[in-house]
Structures are given as structure tokens and as C-alpha cells.
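Novice: Pasting the sequence and the predicted coordinates here, then a few questions.
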Amino acid sequence: MDGIQGAVLGVKLSRLEQWNATRRQHAARYCEALEDDGLIPPASEPWAEHVFHIFAVRSADRDATRAELRERGIETRIHYDTPLHLLPRFADLGYSPGDFPHADEGCPRSALHSGSSGTPGGGRGDSG
């Protein structure tokens, strides 16, 4: 890292807590709005402080949900399309479908996210 990068990151780091707090506020509103929509928001544990870098939701019918959101003008992306153990990069490990059933079951249902979490900088938590 050069001096300029360090200086920029130093300024950003001073704003990180506020950006994270803003994302948590937005996430709380999103969770409240999604309560009756059949979408499963990201889990938050009481002992942890989620920063919601990505607000990914799960849906029983991901493709239909994406189509409906697209009709409403809401862009989504699929965050977890293939379980990690089934990616070509990890083929030499010898895993097969069913070795990690939660991952196998979850990927087709999950994780839609928009390009922005509603924070400055399009979800990155920065202003640019």
C-alpha cells in the first residue's frame, strides 16, 4: 500500500462506524418491510453486530422473486449460485452433492441482493 492509499483508507476508517450504523438502520427497515413477503432476511445473532455489507435474502422461489422485483424496477443479483464445495476450483477435494446438505439446499433458494444496501457509495459503505 502506498502513502496515498493509506491516507484515503485512514479517512474512510474514521467513518466506518457511522457507515455500519447506517447500514444496520437500513437493514432494520428492510427486515420490517419484508416480514410479510415470504422472503428470509439475513440472520443476526444477539451476540454479534452485523454490518450488512450485503443484504442478501432467501426465497423459496428465487427466480420468480427476481422476476417480480425486476417488474418493480428493483435490480437483484444472485450471491450464492453454486455451493462452494461444488465449484470447479474445489473439485480436487472430492466433494459431491449432498455432502453439505444445508449449502446444497440453500443455494437455489438464496441469496438475492440489490446492487446497493441504501448506503452512500452503492452499498460499499463509502462515499465513492
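Specialist: Received, thanks. Numbers count the residues shown, from 1 in each chain.

Novice: So which residue is dead centre in the protein?
Specialist: Taking CA atoms, centre = their mean, the centroid of the chain lies closest to I54, which sits 2.9 Å from it.

Novice: Now do the SS call for it.
Specialist: coil (DSSP: H, G, I helix; E, B strand; the rest coil).

Novice: OK, contacts around D61?
Specialist: With contact set as CB atoms under 8 Å, 6 or more residues apart in numbering, D61 has no partners. All C-beta atoms are positioned from the backbone trio N, CA, C, and that covers glycine.

Novice: do you know how far it is from H50?
Specialist: Counting by CB to CB, to the nearest Å, the gap from D61 to H50 is 26 Å.

Novice: Toward the C-terminus, what is the element adjacent to the top helix by length along the chain?
Specialist: Within the chain, and with DSSP state H defining each element, the longest helix by residue count is helix 3-34. Next helix or strand after helix 3-34 toward the C-terminus (DSSP states H and E): strand 57-58.

Novice: from the middle of its chain, how far away would that next one be?
Specialist: Relative to its chain's centre, strand 57-58 lies at 9 Å (CA atoms, centre = their mean, to the nearest Å).

Novice: That one - what's its average pLDDT?
Specialist: Confidence over strand 57-58 (mean pLDDT, whole number) is 86.

Novice: Identify each buried residue in the very next helix or strand once past that strand, please.
Specialist: The element immediately downstream of strand 57-58 (helix or strand, assigned by DSSP H and E) is helix 62-71. By 16 or more other CB atoms under 10 Å, the buried positions in helix 62-71 come out as 62, 65-66, 69.
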